[in-house]
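[1] give the three-dimensional model of this entry:
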Amino acid sequence: ILHTAVRFGWPDREQTDLSLSKYNELNHQIALDAARESIVLLKNDGQLLPLDKQKLKSVLVVGPNAYPAQPVGGGSGAAIPYSSISIVEGLAHILSNSVKVYYEPGIPSLQELVSGTNFMTEAQGGEPGLKMERFENADFSGSPESTEVVRRINNPGFSWDTLSDWEDVAPLLASTPKTTSRRWTGYYIAKDSGPYEIAVQGPGENNGFRVSIDNKIVFDNWELAKAYQDHVTLELASGPHHVVVEDVQRSHFGGRLRLAIADQKKLVSDRVKAIAAKADAVLIAVGFNRDSEGEGADRAFSLPTGQEALIREIASHNKNAIVAVTSGGAVDAAPWIDRVPAYLQLWYSGEQGGTALAEILFGAVNPSGHLPISFEKQETDNPTFANYYPEPGTKRVSYREGIFVGYRGFEHNQARPLFPFGFGLSYTSFKFANLAVKPNLNSADGSRYLVSFDVTNTGKRPGAEVAQLYISAPDGSIPRAPKELKGFSKAKLRAGETQKVTIPLETRSFAYYDVNEEQWLAPAGHYKVLVGDSSGGIKLTGEVRLEKALMAKP
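    All right, here's what the predicted structure looks like:
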């Protein structure tokens, strides 16, 4: 970092250019254009979208990510905008007074669930709260340093937001952290028998925690910082349930720990169900935020606490339910995807995300985003799942998947994803035709072949298609993926328009890295040329033959 700073002369001059405005309309427009193009339409059964303003009287916007805006994830990626447009505000602005917009959170926040979780020190006759013991070690040996009764587990922990500048951080980094641990014990009294959500927010970083209920481990993040927030569903009988929570502090940072237990049947409010039943359409805004998805730990594959229940309940009350997910990647959609007709992936869409989503929902913008990753049906389908975390008792991770990661891994393992790499729907339709693969005899840029084909907008509105070119290598002694992306091009087309797309292939496009020769090698043989709109949507197939093996430039 310091070498980079010196290279660009940052220590030698003031890092402020007064001619640049931090807040201007050009910045907003760039952010809006980025959000428009990044949102991916994943499902649109019955052409529910785009919605027609003229046919709607009311729309309900519901969910924890509807308001306030969630422009960015947590950690060092959290570049906070000066202003952000939430999903509720985006819809309200685009609809003005023509359609009535209702907003409801729909479910309690994690903090609200924590505040509403009551414990007792004994199964019967105790006092409200849990006994908390503090130890000056990591194994709870000896007598506790202190003991007290606390009402609930709701420790805010360390936050970078409390530090004003480097002078606050430097003393922490210079000192040796002192290892401490805490243990909470008590009872949760379930009023009714049935499914309960057990939700936790852990410290991340180098600290750990574990939770047990009725002597069974529910969460165990003692050695590894897995999900910042996690939850499970347990069937609890009415009456007392023994709860033990332990944590260990190994660093200055992190330390947050929150625990909530809630009756799953009571998570979704009756009010929101009633409004959903009367609305013409419902937008369900779910997903993650800075607290639940950041860099100090992973996140759960399932949506956060209560969100699956919210989708199920809304979908049962309104057939025009649209799910919009804010996240940095795939989520477990299996419990609800068949219940809703429309599904959009927002990612973290920045300051103008609310406006961009509203424009797409009502057809002012035709969605054109395509997935840069595969979305798995279940987390065990991911090629890295079996060896993602260190081997037990070590800090060693073996990358046993080799080159078969992402879409290459799904195809190699014959695991069909929920949505393949490169996938994305539009409000119009496209046709691919007239594939041609020709040698590039007069190449000035090193390309050996030119692959050309026509893309036609066969629908009734303007749109953009991302045409993708893959290569399938011949069988050989070196394992190769079934197909490898080698180029793509975004074609923006008017209704009925045809555009010829040309993508070059160079020697490197056919090559793999030979570790013995320490060189990129393109073996002789027949290569398939595959063109389509995703790794799983190949429309055209051609062929290239290399008569002899070629060495590619690094």
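
[2] gap between the two ends of stretch 213-225?
    From its first residue to its last, stretch 213-225 covers 20 Å (C-alpha to C-alpha, to the nearest Å).

[3] with stretch 513-525 instead?
    This stretch, stretch 513-525, spans 17 Å end to end (C-alpha to C-alpha).

[4] give me the contact list for the helix or strand hosting V323.
    Per DSSP states H and E, V323 falls inside strand 321-326. With contacts defined as C-beta atoms under 8 Å, 6 or more residues apart in numbering, strand 321-326 is touched by 48-49, 65, 70, 87, 276, 281-289, 303, 311, 314-315, 331, 336, 339-349, 353, 357, 361. Using the backbone N, CA and C atoms, a C-beta is placed for each residue, glycine as well.

[5] apply 6 Å and report the result again.
    Residues from elsewhere that reach strand 321-326 (C-beta atoms under 6 Å, 6 or more residues apart in numbering): 65, 70, 282-287, 314-315, 331, 340, 342-346.

[6] now, these that are in helices?
    With helices taken from DSSP state H, the overlap with those comprises 314-315.

[7] packing partners of the longest helix seen in the chain?
    With secondary structure taken from DSSP H, the chain has its longest helix at helix 25-38. Applying 3 or more C-beta pairs under 6 Å, 6 or more residues apart in numbering; DSSP states H and E, we find helix 25-38 packed against helix 353-361.

[8] before we move on, the earlier item: for whichever helix or strand comes after the longest helix of the chain, packing partners?
    Using DSSP H and E, the helix or strand that follows helix 25-38 towards the C-terminus is strand 40-44. Judged by 3+ C-beta pairs under 6 Å, 6+ apart, strand 40-44 is in contact with strand 342-345.

[9] relative to the strand it packs on, what are the paired strands and their orientations?
    strand 40-44 (antiparallel), strand 321-326 (parallel) (DSSP bridges).

[10] and for it, what's in contact with it?
    By C-beta under 6 Å, 6+ apart, the residues outside strand 342-345 that reach it are 39-44, 48-49, 322-325.

[11] same question, stretch 43-59
    98-101, 279-281, 341-343, 361-363, 425, 427.

[12] among these, which pair sits farthest apart?
    Checking these against each other with C-beta to C-beta, the farthest-apart pair comes out as K100 and L425, at 28.2 Å.

[13] distance of S19 relative to G354?
    As judged by C-beta to C-beta, to the nearest Å, S19 and G354 stand 30 Å apart.

[14] so the two - more neighbours on which side?
    Using other C-beta atoms under 10 Å, the more surrounded residue of S19 and G354 is G354, with 31 against 5.

[15] correct me if wrong: that one contacts L91.
    No. The pair G354 / L91 is not scored as a contact, 7.5 Å apart, by C-beta atoms under 6 Å.

[16] that older thread, pull out the buried members of the contacts of stretch 43-59.
    By neighbour count, with 16 or more other C-beta atoms under 10 Å, the contacts of stretch 43-59 hold 99, 101, 279-281, 341-343, 361-362, 425, 427 as buried.

[17] for those residues, which one is nearest G255?
    Checking those against G255 with C-beta to C-beta, the nearest one is Y343 at 36.5 Å.

[18] now that closest one: closest residue in space that isn't a chain neighbour?
    Of all residues not flanking Y343 in the chain, K43 sits nearest, at 4.0 Å (C-beta to C-beta, 6 or more residues apart in numbering).

[19] low-confidence ranges, the stretch 1-150 of the chain, go.
    Nowhere does the stretch 1-150 of the chain drop to pLDDT under 70.

[20] what about the strands in it?
    Along the stretch 1-150 of the chain, counting by DSSP state E, counting those that start in this stretch, strands occupy 40-44, 58-62, 100-104, 119-120, 130-135, 146-150.

[21] and the angle from the first one to helix 353-361?
    Relative orientation of strand 40-44 with respect to helix 353-361: 40 degrees, computed using axes from the mean of the first three to the mean of the last three C-alpha atoms, to 10 degrees.
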